[in-house]
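1. Okay, structure incoming, though there's no sequence with it:
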Ligand code: ARG
């Protein structure tokens, strides 16, 4: 026999192996640099497993107790920063078990009875993603509260509403803020739905087929806060749809954050001046003394790409895998870790920016009445009062807009004679609907921008959020 490696065979599966791995094999194989983030979940899962092994008589009470105590020591070493992680031990599961063996000796070898790293990692990762759903839900609540506060302050403040980023019709600041409260509310419920669906426990599926030991899967599931054990062992170890649902919910939420970020960038510009962002969430320029840049908003807008990318990356990892476990699935974690970190940071930064920002009521009002924003009100008036068909009213209004444009004035500045030259039936009463305040006040349909409608929605959301 030739000497194939100077390295010792693996201590977990060395029985089958004569030589240790090549250095490149170790580099591509090891996940400990990132999956150490699962340490707490791994130890929680192992403690639940050990307790169940004792309760079912599969291991002795004294061995299980030694294991459970030892695992707490390992956790405190990891959290205290004194734990020495080893790439040779590949992942968090084997690092923890190897250290447990050093600490308590022989009983450590009994922990892996009726278990595989396949169900172990599926359980750890589910626990981790479940926590992230909770964190996203908390982050979204905080953001909704900040938006509600803004909406309350300016429930009746007029501003232009846009389509195509062209002035469309006047709306209120409160209405615009509440649009985001609704969006983030749906995001929040997506995380709640995903959390409820993922809350089943893979532990006990073992490698893929289940186990011949008389384990109690209900016990481990409930000890770990799951609603029930997963019903199919192949499915339990081989799907990562729970992580994908988290990423899908995160992607949609990220898209919403990015849209709001984009609005803040536009609104804080000198051309708009709709809002002033706080110094706390802005930066200056090293050369242009007047500059105050909305960097946090820009970075939120940009960082969202990482979340969308993670979603595609993990879908791509999973899409061609035969059942059950394949090592490809080790590539699930970094994507989800990075996406979750990015999402939590973006939510916190957005909440800070929204809480701190000050809407400029005068600039909003000035913009609201420019750009012929009440042209639709005029057309509606022609329909309502003069009984014109809407298409004709649209045409008459279009001619009046063209006339105002030619005179470089707004619709309310046209004289009655000018108006009557386009349509003889127009009376003085038309001027009542050309003001932006009247315009928004008239949009009383459910969900419309009338300040009373907006205040009702604010009150509803406040009781919902409590
Ligand atoms: N580090 C592995 C992962 O993250 C753990 C599961 C390994 N299982 C196996 N059969 N090699 O997926």
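-> Yep, it's here. Treat the numbers as computed from the prediction; the structure is a model and nothing was measured. Numbering: from 1, shown residues only.
2. how about the helices in the stretch 201-350 of the chain?
-> Assigned by DSSP state H, counting those that start in this stretch, the stretch 201-350 of the chain shows helices spanning 217-223, 233-238, 241-267, 295-318, 332-356.
3. And for the stretch 51-200 of the chain?
-> 61-80, 92-104, 117-153, 173-198.
4. What parts of the stretch 101-250 of the chain come near the ligand?
-> Contact residues, the stretch 101-250 of the chain versus the ligand (C-beta under 6 Å from any ligand atom): 117-118, 121. For every residue, glycine as well, the C-beta is placed using N, CA and C.
5. residues near residue 114, how many?
-> When neighbours are defined as other C-beta atoms under 10 Å, residue 114 has 21 of them.
6. what's the burial count for residue 25?
-> 10.
7. Can you check the pLDDT for the closest residue to the ligand within the stretch 201-350 of the chain?
-> With C-beta to the nearest ligand atom, the shortest gap between the stretch 201-350 of the chain and the ligand falls at residue 330, namely 3.7 Å. Residue 330 is assigned a predicted lDDT (pLDDT) of 97.
8. Repeat that for residue 2.
-> For residue 2, the model assigns a pLDDT of 39.
9. Same check on residue 292?
-> Taking residue 292 on its own, its pLDDT is 83.
10. Looks like it contacts residue 278 (just checking).
-> No: under the criterion of C-beta atoms under 8 Å, residue 292 makes no contact with residue 278, lying 9.8 Å away.
11. elements contacting the helix or strand of the chain with the lowest mean pLDDT?
-> Ranked by mean pLDDT, DSSP states H and E, the weakest helix or strand in the chain is helix 431-434, scoring a mean of 90. If you count contacts as 3 or more C-beta pairs under 8 Å, 6 or more residues apart in numbering; DSSP states H and E, helix 431-434 packs onto helix 375-386, helix 436-442.
12. Could you point out which of the ones you listed sits nearest residue 272?
-> Nearest to residue 272, of all the helices and strands packed on helix 431-434, is helix 436-442, at 16.8 Å by C-beta to C-beta.
13. tell me which residues of the next helix or strand after the closest one are tucked away?
-> Using DSSP states H and E, the helix or strand that follows helix 436-442 in sequence is helix 451-465. Going by neighbour count (16 or more other C-beta atoms under 10 Å), the buried part of helix 451-465 is 451, 453-455, 457-458, 461.
14. So which of these is the closest to the ligand?
-> residue 461 (40.9 Å).
15. Verify the stated contact: residue 361 with residue 157.
-> Yes: contact criterion C-beta under 8 Å: residue 361 and residue 157 qualify, at 5.2 Å.
16. Looking at those two, which one has more neighbours?
-> Higher neighbour count among residue 361 and residue 157: residue 157, with 21 against 16, using other C-beta under 10 Å.
17. residues in contact with that one?
-> Each residue near residue 157 by C-beta atoms under 8 Å, 6 or more residues apart in numbering is listed here: 172-174, 359, 361, 364-365.
18. What's the separation between residue 261 and residue 283?
-> Distance, residue 261 to residue 283, using C-beta to C-beta, to the nearest Å: 15 Å.
19. Of those two, which one has the most company?
-> Using other C-beta under 10 Å, the more surrounded residue of residue 261 and residue 283 is residue 261, with 24 against 13.
20. Next up, the contacts around that one.
-> The contact partners of residue 261, by C-beta under 8 Å, 6+ apart, come to 297-298, 300-301, 350.
21. Tell me who's in contact with residue 91.
-> 30-32, 35, 117, 121, 330.
22. got a markdown table for the residues you listed, with distance to residue 377 and neighbour count too?
-> Output for the contacts of residue 91, formatted as a markdown table (distance: C-beta to C-beta, whole Å; neighbours: other C-beta atoms under 10 Å):
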| residue | distance to residue 377 | neighbour count |
| --- | --- | --- |
| 30 | 67 | 20 |
| 31 | 62 | 19 |
| 32 | 65 | 17 |
| 35 | 60 | 24 |
| 117 | 67 | 19 |
| 121 | 61 | 26 |
| 330 | 61 | 19 |
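23. So which of the residues you listed sit within strands?
-> Residues of the contacts of residue 91 located in strands (DSSP state E): none.
24. which one of the buried residues of helix 451-465 is nearest residue 65?
-> Scanning those for proximity to residue 65, where the rule is C-beta to C-beta, the winner is residue 461, at 50.2 Å.
25. Can you give me the distance of the closest one to residue 260?
-> Distance, residue 461 to residue 260, by C-beta to C-beta: 17 Å.
26. What of residue 443?
-> Distance from residue 443 to residue 260, by C-beta to C-beta: 22 Å.
27. Can you tell me which residue is spatially central in this structure?
-> residue 250 (3.4 Å; C-alpha atoms, centre = their mean).
28. Thought residue 314 was touching that one, still the case?
-> No: with contact defined as C-beta under 8 Å, residue 250 does not count as touching residue 314 (11.2 Å).
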